[in-house]
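Let me see the structure of the following:
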Amino acid sequence: MTTESPAAPSLTPVFLRLKLSLLRNGLRQSTGRALAYVASIVVGLLCAAGVAVGLIALRGNAHAGALAVLLTGILTLGWAVMPLFFPSGDETLDPTRLVMLPLRPRPLIVSLLAASLVGIGPVFTLALVTGSVIMLAHGTAAAVAGVLAVVLVVLVCVSLARAVATASVRLLTSRRGRDLAVLSGLFVAIGAQGVNIAAQRLGRPDGLSVLEPLGEVLRWVPPASAIGAVDDAGRGAYGRAAAGLALTALTLALLLHWWQRTLTTLMTSPDASTLQAVEKDSARGSGAGDRGLARLLPGGRTGTVMLRTLRYAWRDPKSKMAWATALAIGLLVPIVSSVQGRGSIYTAFSASALLGMQMYNQFGQDTSAFWMVASAIATPRDAYEELRARALTLALVAVPYVTLVVIGTAAFIGPWSAFLEVYGLSLALLGTLLATGAVTSALFPYSIPSEGNKNVAPGQGAIAWFSLFGGFLVGVVLCLPLLGLTIWLHVAGLHGLLWVLLPVGAVYGLGVAEAGLRVAAPRVAGRLPEILAAVSKG
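From the prediction side, this is the model:
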């Protein structure tokens, strides 16, 4: 007589209780955290309700189908990239915490998927998809397709996010993953500008008609194809509706299969990150001499400081974010102004302004490690060479970048006749900001905390604001002679002489930058203890 072993209990209730318990215990840690979470829930629910009501109000619109599939596509993209930007946003579902438990992949996926449906994101997704279905559903067949579409779209979005997070969990928990999270604000800012431009276009009379070409493509891209199936079913195209639903269902199956494969690999393979790091270090050690960019830098103290500054900009998350923000926004300002119909070649000044301000608070990025720099500065000459090397590093990136931005702005916005004067003024502005940045770095240093999202240590906010905005205003004032020359040439009708602004601007910017470095050097050499104390507070 054989006895059957009892069936293993379902893991889903356990994971649901686990997530709710961890959330509840986390909120008990502080009142501020609880209030912030409750406020986020309220705001999320209000946004979800507003989106759903707005979509339902468009019921009967001729272009509602294109709008629905576009919103679904954007929503899916958001679910796909969110784990890359916020890897620690849902630590309760981190699969690496479950490696030592005897769990099978398939029931584990079901449980993780069920637990992932608890949160503000799934509720917002459900509201948007439900509003889209109500907006498009006309008739019984469309209503049935709509119910299936809601379930499929929500499951695809959540499964996609969990599969991406599982596949890249090793990266997301590394230094590069943390750098990516820090840079997320930049992508959000760029995306916000894109939303702003799109809203202006859609706000025009019959603005939704511009979505039709894109909607015809997206309606066959899952899971937007499920939303397109609702519209097709309402129009009587049952074959197209069945194909759209089947395509989304197939995508869901493939996502679950991919998730299971990556989860199995993650939970059965060793973490080789340490071994890879050792191998990389060994490879670096076996190489003789400098490689890559280091070979092109000058020798002595200047080349050493330049290489160190470049490595800071590449490896330090705060420095990387500052550089990336300046580069992106400096290019984004001319593009946005052009798209909005207010384009001007003078918007290219944003590249010089934003990159020149990277010279400010040069020693703040060193934090307490500035003592090593201070120990190598014994005379004003040493301080001058330190500042000059940092300015050369910035110019190494800024001058080619400003050149490309001015050329691109002249090509797409025009006119080309203003290129030489704008380029010369841009170089002059860059030089004046390098000068004022060196002086403010010596007189008004402040600390940049290495942890957290704050870029200024507590108690130093006023110093930071005065350093940045005061120094920028002084830099603009220093550009007034060249600006006055430009205005005089225009007013006097001497347009044929505007080309002289390029060489004059380049020489003027170089001269002001050199003067600023020489003014700042003795002050750095004389204030080393004060600078070290200021930049070590974070």
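
Ile56 contacts Ser132, doesn't it?
No. With contacts counted by Cβ atoms under 8 Å, Ile56 stays clear of Ser132, the gap being 9.2 Å. Quick note: C-beta positions are derived from backbone N, CA and C, even for glycine.

Against Ala243, how distant is Phe370?
Remark: distance between Phe370 and Ala243 (Cβ to Cβ, to the nearest Å) = 64 Å.

Kindly apply the preceding question to Leu128 instead.
For Leu128, the distance to Ala243 - Cβ to Cβ - is 23 Å.

So which of those two has more stuff around it?
Set Leu128 next to Ala243 and count neighbours by other Cβ atoms under 10 Å: Leu128 wins out with 24 against 16.

got a list of what that one touches?
Contact analysis of Leu128 by Cβ atoms under 8 Å, 6 or more residues apart in numbering lists 48, 51-52, 55, 71-72, 75.

what's the most distant pair in these?
Using Cβ to Cβ, these reach their maximum pairwise distance at Ala48 and Thr72, which is 14.7 Å.

Looking at those two now, which is surrounded by more residues?
Thr72 (28 against 19).

Nearest residue to that one in space, ignoring adjacent ones along the chain?
Nearest non-adjacent residue to Thr72, counting by Cβ to Cβ, 6 or more residues apart in numbering: Ala224, 4.2 Å away.

Leu310 is in contact with Thr393, isn't it?
Yes. Using Cβ under 8 Å, Leu310 makes contact with Thr393 at a distance of 6.0 Å.

These two: which has the busier surroundings?
Thr393 (23 against 16).

Tell me the buried residues in the lengthiest helix in the chain?
The longest helix of the chain (DSSP state H) is helix 380-412. Under the neighbour-count criterion of 16 or more other Cβ atoms under 10 Å, helix 380-412 has 380, 382-399, 401-402, 405-406, 409-410 buried.

swap in stretch 133-150?
133-138, 141-142, 145-146, 148-150.

just curious, which of these is nearest to Arg24?
Distances from Arg24 to the buried residues of stretch 133-150, taken as Cβ to Cβ, are shortest for Val150 (28.6 Å).

what separates that closest one from Gly234, distance-wise?
As for Val150, its distance to Gly234 is 15 Å (criterion: Cβ to Cβ).

Same check on Gly424?
Distance from Gly424 to Gly234, by Cβ to Cβ: 61 Å.

same question, Phe444
Using Cβ to Cβ, Phe444 is found at 64 Å from Gly234.

Pull the distance from stretch 465-485 to the chain's centre.
29 Å (Cα atoms, centre = their mean, to the nearest Å).

how long is it end to end?
Start-to-end span of stretch 465-485 (Cα to Cα, to the nearest Å) is 31 Å.

can you check stretch 23-35 too?
In stretch 23-35, first residue to last residue: 13 Å (Cα to Cα).

I'd say Trp258 and Ala163 touch.
Yes. The pair Trp258 / Ala163 is scored as a contact, 5.4 Å apart, by Cβ under 8 Å.

For those two, indicate the residue with more neighbours.
Per other Cβ under 10 Å, whichever of Trp258 and Ala163 has more neighbours is Ala163, with 23 against 16.

Is it correct that the more buried one is in contact with His257?
No. Applying Cβ under 8 Å, one finds Ala163 not in contact with His257, separated by 9.4 Å.

Tell me where the stretch 301-450 of the chain has helices.
With DSSP state H, counting those that start in this stretch as the definition, the stretch 301-450 of the chain shows helices at residue ranges 317-339, 349-356, 370-375, 380-412, 419-443.

out of the ones you listed, nearest to Gln460?
helix 419-443 (13.2 Å).

Counting by contacts, list what that closest one packs against.
Using 3 or more Cβ pairs under 8 Å, 6 or more residues apart in numbering; DSSP states H and E, the elements in contact with helix 419-443 are helix 349-356, helix 380-412, helix 471-478, helix 480-491, helix 501-526.

Take the ones you listed and lay them out in CSV including mean pLDDT and distance to Gly119.
Below are these laid out as CSV (pLDDT from 0 to 100; distance: least, Cβ to Cβ, whole Å):
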stretch, mean pLDDT, distance to Gly119
helix 349-356, 89, 37
helix 380-412, 90, 41
helix 471-478, 90, 42
helix 480-491, 89, 54
helix 501-526, 92, 51
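
Ala428 is nearest to which of those helices?
Nearest of the helices and strands packed on helix 419-443 (Cβ to Cβ): helix 501-526, 4.1 Å.

C-terminal to the closest one, what's the next element?
Using DSSP states H and E, the helix or strand that follows helix 501-526 in sequence is helix 528-535.

Show residues contacting that next one.
Identification of contacts with helix 528-535 by Cβ under 8 Å, 6+ apart yields 363-364, 366-368, 370-371, 374, 377, 442, 445-448, 460, 463, 524.
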